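**Student:** Structure for the following, please:
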Amino acid sequence: MNRQVIIYPIFVSLLLVLSVLYGFTKNRNLDRNVHSIEVKFAEGDNSFLTHETVNKLLIQSEVTVKNQAKRIIDLHSLEEKVLANPYVDKAKVFVTPGGLIKTHISQKEPVARIISGEQMYYVDDKGYEFPLSTNYSARVPLVKGEDLSSNIEEITKLIRFISQDDFLKKEITGIRVTNTKEYILHVRSGDYTVHFGKFDNVNVKFKKLKAFYNKSLKDKSISKYETINLKYRNQVVCTKQNQDGKQ
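**Tutor:** Numbering: from 1, shown residues only. I've put the predicted structure just below:
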């Protein structure tokens, strides 16, 4: 019994000492200055952002966080500033015990470049719009038309379908949207266009197109056509070029 009475105050004393040491160490750590900034981009082909651009975002009270005490760094605020950049998809900002600010960034992945009247911008696979960049030009299909903003969701679905098929992804280089909201596809393999029609029966239409390609590319008859029309049920309707080969 006496032994337990003796051990208890010793245990409490040790806890108090450890708490004091922890608090002292924590305060010393918080008083340490940020000595440098590290920006890391996730793997990918996009280079919309530069390290310098991100460094300029990491400011607090109009001053860079470098050489400021860790105690006064608002990591949440810094992360929100980085996320507010139109090219950023995901971001994480944190500080190491040694005083290094680390920023890990995933950039947005464009699936198409949109020319809607006088407006030009990218769209990602979620249908989010973001501006073109002076640092980098993405190699994605070009979609042209008038006032496409109301049609972006449908355009994104069509582009997503194309991008998931290796053949279609290589073959289709651009899309024109007519005033009646029909789609005309521009292709890589020849001087002709594919009239896709409305956004319906997408899977069936592309199956018809690929079956047509299998035949016409083998017999080299595809060079004779001006348009390939997929709008009609159970058939592909083509118009030929003029005899001199001009459209």
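**Student:** all contacts plus neighbour counts: C-alpha atoms, from now on.
**Tutor:** OK.
**Student:** what's the spacing between residue 198 and residue 234?
**Tutor:** In this view, residue 198 and residue 234 are 16 Å apart by C-alpha to C-alpha, to the nearest Å.
**Student:** An error on my part: the question was meant for residue 105.
**Tutor:** According to C-alpha to C-alpha, residue 105 and residue 234 sit 47 Å apart.
**Student:** Show me which of the two is the more surrounded one.
**Tutor:** More neighbours surround residue 105 than the other of residue 105 and residue 234, with 22 against 10 (other C-alpha atoms under 10 Å).
**Student:** So which elements touch the helix or strand harbouring that one?
**Tutor:** Assigned by DSSP states H and E, residue 105 belongs to strand 100-107. Counting contacts by 3 or more C-alpha pairs under 8 Å, 6 or more residues apart in numbering; DSSP states H and E, strand 100-107 is packed against strand 36-41, strand 88-95.
**Student:** highest average neighbour count across those strands?
**Tutor:** Among the helices and strands packed on strand 100-107, the stretch with the highest mean neighbour count (mean count of other C-alpha atoms under 10 Å) is strand 88-95, at a mean of 17.
**Student:** Next, count neighbours for the closest residue to residue 184 other than its chain neighbours.
**Tutor:** For residue 184, ignoring the flanking residues on the chain, the nearest one in space by C-alpha to C-alpha, 6 or more residues apart in numbering is residue 195 at 4.6 Å. The criterion is other C-alpha under 10 Å. On that basis, residue 195 has 21 neighbouring residues.
**Student:** Give me the domain ranges for this structure.
**Tutor:** 32-107, 110-240 (automatic domain parsing).
**Student:** Least reliable of those by average pLDDT, please.
**Tutor:** The stretch with the lowest average pLDDT out of the domains of the chain is domain 32-107, scoring a mean of 87.
**Student:** mind checking which helix or strand residue 209 is in?
**Tutor:** Here residue 209, judged by DSSP H and E, is contained in helix 202-218.
**Student:** Equivalent analysis for residue 179, please.
**Tutor:** With elements delineated by DSSP H and E, residue 179 resides in a region that no helix or strand encompasses.
**Student:** wait, residue 146 sits on residue 120?
**Tutor:** No. Shown here, residue 146 and residue 120 do not form a contact pair, counting by C-alpha atoms under 8 Å, at 11.3 Å.
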